[in-house]
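Q: the following comprises the amino acid sequence and a computationally predicted model.
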Amino acid sequence: MGLINQTNELYYKGADGVWNSGDENYGDYQFTSLDNIISNFIIAYVGEDKIISKIKRTDIMFHAKRAIQEFSFDTLPSEKAQEIEVGPALQMILPQDYVNYVKFSYTDNAGIERILYPTRNTSNPAAITQNANYEYTFDNTGKIIEANESITWERFKASGQGQLANNADNSGDLTDSELFNLYRFGRRYGLNPEEAQSNGVFYIDKLKGIAHFSSHLANQIITLKYISDGLGTDAEMQVHKFAEEAIYKYIAHAVLATRANTPEYQIARFKKEMSAAKRNAKLRMSNLKIAEIAQVMRNQSKWIKH
């Protein structure tokens, strides 16, 4: 029996029979669901005269979820994107399933994403409020009162830093002629590359889950590309078929490694097989195309005209 169990019409129109209405699952054939992963693993690895004689389905589910989580960080990066318009507060609330950022950028008038860089020269520490005698203030429950935003970050925003390469005298943006003169006389020698750009900067407050942006990014369209752990929703808990075998090897190794009487040579064997399968999955997911590689190589052989 084949794996495709729906007609072409049902695939393209969905359950409601309307073309591209949003209820279709276009491209889902490239993925295998978590439930199928568990069922296939039981068939292949569990039973008499097999590697694992007996195991609970819930135990397999735990290790399968851990596999998806681990693989989503490097082998199968679950990259997502969000686009917002930054308001006067110059903040962006991090997504609910955010784990780490891939890239922040703002979109210019031509639709080109201009990368933003993290600032390492400032932060937004917890701002403890004080009275006229510089004593800490407390609320009715005895908890220290903190301001919404620190003076450090307020001053950074007010200074206009991050708008265009912090210049030598911190006077603000550089004109084209000033920028030319700095390059001409070498005054920018040794400048940190992340500061030598006009796109802007950001700072992530991990405790509060908020990204802060430099002042000139107000009312700009900001795009956040980030990675999740692949476990946010049931729909996300699926594996690309390129990495399916690596998931099975991960589960087998994890199960055997957590059992008391498993011989060390067997654990080492499945660890080696898991590493090899993971490496193959990475190569497959890298999506290298011969035509694209050839195009890059041809570009390297161009003559440079003087």
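A: On my side now, so go ahead.

Q: outline the domain layout of this protein.
A: The chain breaks down into these domains under automatic domain parsing: 30-72+229-284, 78-163+198-228.

Q: compare the ones you listed and give me the one nearest Val18.
A: Smallest distance to Val18 across these (CB to CB): 20.5 Å, for domain 30-72+229-284. In short, each C-beta sits where N, CA and C put it, glycine included.

Q: quick one: low-confidence parts of the stretch 51-200 of the chain?
A: Within the stretch 51-200 of the chain, the ranges that satisfy pLDDT under 70 run 77-78, 159-197.

Q: quick one on the thing from earlier: present the domains of the chain as TSV; the columns should include mean neighbour count and distance to Tyr12.
A: Output for the domains of the chain, formatted as TSV (neighbours: other CB atoms under 10 Å; distance: least, CB to CB, whole Å):
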stretch	mean neighbour count	distance to Tyr12
domain 30-72+229-284	16	17
domain 78-163+198-228	15	25
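
Q: dump those into a markdown table; add distance to Leu10 as well.
A: Formatted as a markdown table, the domains of the chain follow (distance: least, CB to CB, whole Å):
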| stretch | distance to Leu10 |
| --- | --- |
| domain 30-72+229-284 | 18 |
| domain 78-163+198-228 | 27 |
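
Q: wait, which of these is closest to Gln295?
A: Comparing the domains of the chain by CB to CB, domain 30-72+229-284 comes nearest, at 19.9 Å.

Q: figure out the length between the terminal residues of the closest one.
A: 13 Å (CA to CA, to the nearest Å).

Q: and the gap between the nearest residue to Lys54 once chain neighbours are set aside and Ser214?
A: Excluding the flanking residues, the one nearest Lys54 by CB to CB, 6 or more residues apart in numbering is Val46, at 7.2 Å. Shown here: Val46 relative to Ser214, a distance of 55 Å by CB to CB, to the nearest Å.

Q: and Glu135, by the same measure?
A: Counting by CB to CB, the gap from Glu135 to Ser214 is 34 Å.

Q: ditto for Glu113
A: 17 Å.

Q: again with Lys54
A: Relative to Ser214, and taking CB to CB, Lys54 is found at 59 Å.

Q: could you pull out the helices for the chain?
A: Secondary structure of the chain (DSSP state H): helices at 8-13, 34-45, 57-71, 151-159, 176-184, 244-257, 264-285, 290-300.

Q: make a markdown table from the ones you listed and add distance to Ser198 to it.
A: Formatted as a markdown table, these follow (distance: least, CB to CB, whole Å):
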| stretch | distance to Ser198 |
| --- | --- |
| helix 8-13 | 46 |
| helix 34-45 | 45 |
| helix 57-71 | 38 |
| helix 151-159 | 16 |
| helix 176-184 | 9 |
| helix 244-257 | 43 |
| helix 264-285 | 35 |
| helix 290-300 | 27 |
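
Q: ok, which of the ones you listed comes nearest Asn131?
A: helix 151-159 (15.8 Å).

Q: residues contacting the closest residue to Gln91 other than its chain neighbours?
A: Of all residues not flanking Gln91 in the chain, Ile210 sits nearest, at 5.3 Å (CB to CB, 6+ apart). Ile210 sits next to 91-94, 204 when contact means CB atoms under 8 Å, 6 or more residues apart in numbering.

Q: now, among those residues, which is nearest to Lys65?
A: Of these, the one sitting nearest to Lys65 (CB to CB) turns out to be Leu94, at 22.4 Å.

Q: give me the most central residue, the chain.
A: Most central in the chain under CA atoms, centre = their mean is Ile227, positioned 2.2 Å from the mean C-alpha point.

Q: just the pLDDT for that residue.
A: Here, the pLDDT recorded for Ile227 equals 84.

Q: beta partners of it?
A: Glu79, Asn100 (DSSP bridges).

Q: right, and it touches Ser72 too?
A: Yes. Counting by CB atoms under 8 Å, Ile227 does reach Ser72; the two are 6.8 Å apart.
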